[in-house]
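1. okay, predicted coordinates and the sequence, questions at the end:
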Amino acid sequence: MARIMVVGLNPAWQKILEFDSLLTRKVNRARRLTELGSGKGLNAARVMRHLGHEVWLLQILGRTNGRRIVEFCKGEGIRSLACETGQETRTCVTLIDHARGTATELIEPISISAEPQVEERIVGLITEPGLEFDAVLYCGSVPDGLSPRIYLTIHRLIAPGVSILDSVRSIPEELLSNVTCTKINHHEFNELKESFQGLRKKNEMNSLFLLTDGANAARMLKVSSGLVEERRFFLPALARVLNPIGAGDAVTAGLAHFLLAGLPTVEAFRHALAMGSASCLQLEPAQYDEADYERILNQIQVEVVANP
């Protein structure tokens, strides 16, 4: 299978607390706690590893939680390329309310303080002799304290055949116009509209956009020579959503996998969306059952939009 670099600079040690019923202004006692390594990059890396690829995960780690994540990656067969800092890696907490069928995510802030040569050390990790990759996935925002152009620097160095961008914050237009696909949600797309329209008018973009919207229809925008072709993907209703956190990360990984496999873009998107929907039925983020995936895949309907 392929050699994959996942750039996930915002890792987290994840705690999932399950409640029979979660009430505000009350003492809530969880019935179960699950702990694991997570974050957008690690979630996507786990899916890629499950699909049989060799996976390297570029991340910034520190202290106790950082060591936990390194050990978790080893157990998952993921090769961690860790830039170590003196700051504790964040903890994120998911609260599952079984009575209401909802999940609430609590995310600690993250920033990189002025430690010497962090960016240089990150770049050094991917330029070691023998490291070559077929695809690169950019997962999540660049942490405060790092230049937002670091993704572009990595992209120029790796020059992958397939690249997926799952981030919107301060993205350089050069990167936006050169990745294979930008996979974001429809709210995030609003942040990119100015850059999107500007590059489109200058005919400087030949790329794909997959815009997710939870349980609503996803959109595929194919941009070529200033023209936009749009398709919509209608997802089946899910009877029992357990944890939707990480569904987008499963979609990101699925896109890379199916594009590398040579599927036409519409089919690659359809398969990836089925993975993301199936992951909502599992407790751990971005994990899915094959039977759920196949069932959902067969129910996704695709519609061409005549005048996008």
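-> Noted; the coordinates are in hand.

2. strands along the chain, start to end?
-> 3-7, 12-19, 32-38, 54-62, 79-85, 91-97, 102-107, 135-139, 162-166, 181-185, 207-212, 218-224, 227-234, 301-305 (DSSP state E).

3. could I get the buried residue list for stretch 178-185?
-> Within stretch 178-185, the residues that qualify as buried are 178, 179, 180, 181, 182, 183, 184, 185, counting by 16 or more other C-beta atoms under 10 Å. Just so you know, the C-beta spots here come from the backbone N, C-alpha and C atoms, and that holds for glycine as well.

4. wait, I meant stretch 297-308
-> For stretch 297-308, the neighbour count (16+ other C-beta under 10 Å) marks 297, 300, 302 as buried.

5. likewise stretch 33-51?
-> Going by neighbour count (16+ other C-beta under 10 Å), the buried part of stretch 33-51 is 36-51.

6. CA atoms of that stretch as CSV?
-> Written as CSV, here are the backbone C-alpha positions of stretch 33-51 (Å, rounded to 0.1, in the frame of the first residue of the first chain):
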residue,chain,number,x,y,z
LEU,A,33,-14.5,6.5,30.8
THR,A,34,-12.6,5.7,27.7
GLU,A,35,-9.1,7.3,27.1
LEU,A,36,-7.1,7.3,23.9
GLY,A,37,-4.9,9.4,21.6
SER,A,38,-6.8,11.7,19.3
GLY,A,39,-6.9,15.0,17.4
LYS,A,40,-7.7,15.4,13.7
GLY,A,41,-4.3,14.1,12.5
LEU,A,42,-4.2,11.0,14.8
ASN,A,43,-7.8,10.2,14.0
ALA,A,44,-7.1,10.3,10.2
ALA,A,45,-3.8,8.3,10.7
ARG,A,46,-5.7,5.5,12.5
VAL,A,47,-8.1,5.2,9.6
MET,A,48,-5.3,5.1,7.1
ARG,A,49,-3.5,2.5,9.1
HIS,A,50,-6.7,0.4,9.3
LEU,A,51,-6.8,0.6,5.5
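
7. how far does that stretch sit from the chain's center?
-> Chain-centre distance of stretch 33-51: 10 Å, with C-alpha atoms, centre = their mean, to the nearest Å.

8. can you get me a residue count around residue 23?
-> Neighbour count for residue 23, taken as other C-beta atoms under 10 Å: 10.

9. oh, I was asking about residue 123
-> 16.

10. repeat that for residue 19.
-> Counted by other C-beta under 10 Å, the residues lying close to residue 19 total 17.

11. right, and it touches residue 97 too?
-> Yes - using C-beta atoms under 8 Å, residue 19 is in contact with residue 97, at 5.6 Å.

12. what's the closest non-adjacent residue to residue 172?
-> Leaving aside its sequence neighbours, residue 172 sits nearest to residue 152 (C-beta to C-beta, 6 or more residues apart in numbering; 4.8 Å).

13. try residue 249
-> residue 43 (3.6 Å).

14. can you tell me how far that neighbour sits from residue 289?
-> 16 Å (C-beta to C-beta, to the nearest Å).

15. what's the burial count for the residue nearest to residue 172?
-> Neighbours of residue 152 under the rule other C-beta under 10 Å: 18.

16. what does residue 151 give?
-> Per other C-beta under 10 Å, the neighbour tally for residue 151 reads 24.

17. with adjacent residues omitted, what lies nearest to it?
-> Residue 151 sits nearest to residue 138 (C-beta to C-beta, 6+ apart), 5.1 Å away.

18. check contacts around that neighbour.
-> Contact partners of residue 138, counting by C-beta atoms under 8 Å, 6 or more residues apart in numbering, are 7, 151, 154, 155, 163, 164, 165, 166, 167, 179.

19. PyMOL command to pick out the buried ones of the residues you listed?
-> Command for PyMOL that selects the buried part of the contacts of residue 138, burial taken from 16+ other C-beta under 10 Å:
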select buried, resi 7+151+154+155+163+164+165+166+167+179
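
20. I'd like the contacts of residue 138 written out as TSV, with pLDDT added.
-> Converted to TSV, the contacts of residue 138 look like this (pLDDT from 0 to 100):
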residue	pLDDT
7	98
151	96
154	95
155	96
163	97
164	97
165	97
166	97
167	94
179	93
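
21. doesn't residue 183 make contact with residue 210?
-> Yes - between residue 210 and residue 183 a contact is recorded at 4.6 Å, counting by C-beta under 8 Å.

22. quick check: which of the strands of the chain is buried the most?
-> strand 135-139 (a mean of 28; mean count of other C-beta atoms under 10 Å).

23. now that strand: mean pLDDT?
-> Per-region confidence: strand 135-139 scores 98 on mean pLDDT.
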